[in-house]
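Asks: Got a predicted structure here, sequence first:
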Amino acid sequence: MKARRCELSVPGSNMKMMSKAAGLSVDEVLLDLEDSVAPEGRPEARRTIIQAARELDWQGKRLAWRINPVSSPYFYQDLIEVAEAAGDKLGAVIVPKVNRPEEVYTVAALLSAIETAQGFEQLIALEVQIESAEGMFNVEKIAAVAPGRLEALIFGPGDYAASIGAPGLTIGGKAQGYPGHLWHYALSRIIVAARANGLEAIDGPYAAFKDPAGLEETALQAKLLGCDGKWAIHPSQVEPIQQIFSPVPEEVERAQRLVEAYKASLAERKGAARFEGEMIDAASVKMAERTLRRAGIKA
Ligand code: COA
Ligand code: MG
């Protein structure tokens, strides 16, 4: 699977921004029909997204579109119109505000029918946003409902804060006065549900795009917890996020040395061994193998 270190969100109503996004070096661009597009603008934005998907040169990056929630009146046209007209150009659909597994099943069933009817050769993958108390409560069931089609769970910090009653006003922002990572529980729960089902876990956006230090701090926290990537809402956020979620060469080299040292200790019939001032054993090798897999090296 291609990496999803950064997903850049672009309003689907804005052809100029979509053209700019097409030229950026980013793993995934998502063309939005939900909260960045005013409700009256959505029918036209569907057509603009179809045109952008078909006509712009996306330079091989993964292209997704975000529909409105399954409970909204926009949902079916967002999904069907865009998928029928440009589903061969769009690698994934992002479903926001998922509360229950049935919603994911509904989207997956419609996609299967559209793909067959249109003769598309590639499946349109699914990514879902967990951004409500109900969605978090059901995240384990949601993560398991569409194997082979569902690829990623995405945290939605703005809607989630509103849903649970946390008082912040900055989407994905830090909280003054809270001594720790405000979204530790939410992100960790999403990551566990994702990993238990072989999915990727993606952190949501950091809306304060004039605060690069805050962006980097939250991206690093998400990476250290186990996330694969993070959303961006502005071009200036793309490069730092791509960088933070890329393998660090020194860590990759150390992982390779660790695996070699462990093999040597096994040859001496030892399960635990000394390595660069630490103890390593089979668990260390699993950690090293994950670092190597992220770097595209077969462990
Ligand atoms: N994708 C592509 N291009 C973008 C962009 C985005 N998300 N956000 C800004 N740009 C472009 C601007 O068009 C501008 O291009 P130009 O230099 O060719 O004129 C350039 O980047 C600099 O933008 P800037 O002037 O700093 O910001 P802005 O005032 O134009 O836009 C926002 C600020 C927040 C309105 C805009 O970044 C945005 O709409 N972001 C996405 C919102 C979104 O998708 N929300 C839903 C997901 S949470
Ligand atoms: Mg949201």
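Replies: Done, it's in. Ligands and ions are numbered 1, 2, ... in the order given.
Asks: what about this protein, any weak spots by pLDDT?
Replies: Along the chain, no part satisfies pLDDT under 70.
Asks: For it, which residues are neighbours of ligand 1?
Replies: Contact residues, the chain versus ligand 1 (C-beta under 6 Å from any ligand atom): 8-11, 16-17, 20-21, 32, 35-36, 205, 233-235. In this view, the C-beta of every residue, glycine as well, is placed from N, C-alpha and C.
Asks: again, only this time at 8 Å
Replies: Counting by C-beta under 8 Å from any ligand atom, the positions of the chain adjacent to ligand 1 are 8-11, 14, 16-18, 20-21, 24, 29-30, 32, 34-36, 66, 156, 158, 171, 204-205, 207, 209, 231-236.
Asks: Out of those residues, which are close to ligand 2?
Replies: Restricting these to those within reach of ligand 2 (C-beta under 5 Å from the ion) leaves Gly156.
Asks: What remains of the residues of the chain next to ligand 1 if I keep only buried residues?
Replies: Neighbour counting with 16 or more other C-beta atoms under 10 Å marks 8-11, 14, 17-18, 21, 24, 29-30, 32, 34-36, 66, 156, 158, 171, 204-205, 207, 231-235 as buried within those.
Asks: now, which of the residues you listed lie within strands?
Replies: Judged by DSSP state E, the subset of these located in strands is Leu8, Ser9, Val10, Pro11, Val29, Leu30, Asp32, Arg66, Trp231, Ala232.
Asks: nearest to ligand 2, of those residues?
Replies: Using C-beta to the ion, Arg66 comes nearest to ligand 2 of those, at 9.1 Å.
Asks: got the contact list for the closest one?
Replies: Ser9, Gly12, Leu30, Leu31, Asp32, Leu33, Glu34, Val93, Ile94, Val95, Pro96 (C-beta atoms under 8 Å, 6 or more residues apart in numbering).
Asks: What of Glu102?
Replies: Applying C-beta under 8 Å, 6+ apart to Glu102 gives no contacts.
Asks: Close to ligand 2: what parts of the stretch 51-200 of the chain are there?
Replies: Selection of the stretch 51-200 of the chain residues close to ligand 2 by C-beta under 5 Å from the ion yields Glu131, Gly156, Asp159.
Asks: between those, which is nearest ligand 1?
Replies: The closest of those to ligand 1 turns out to be Gly156 (C-beta to the nearest ligand atom; 8.0 Å).
Asks: which residue sits closest to that closest one, ignoring its sequence neighbours?
Replies: Nearest non-adjacent residue to Gly156, counting by C-beta to C-beta, 6 or more residues apart in numbering: Glu131, 2.7 Å away.
Asks: Number of residues surrounding that neighbour?
Replies: Glu131 has 24 neighbours, counted by other C-beta atoms under 10 Å.
Asks: Equivalent analysis for Ala267, please.
Replies: Other residues close to Ala267 by other C-beta under 10 Å number 8.
Asks: ditto for Val37
Replies: The burial count for Val37: 24, using other C-beta under 10 Å.
Asks: ok, it - contacts?
Replies: Contacts of Val37 by C-beta under 8 Å, 6+ apart are Pro11, Gly12, Ser13, Ala45.
Asks: make it 10 Å
Replies: Applying C-beta atoms under 10 Å, 6 or more residues apart in numbering to Val37 gives the contacts 11-14, 31, 44-46, 48-49, 66, 68, 74, 78.
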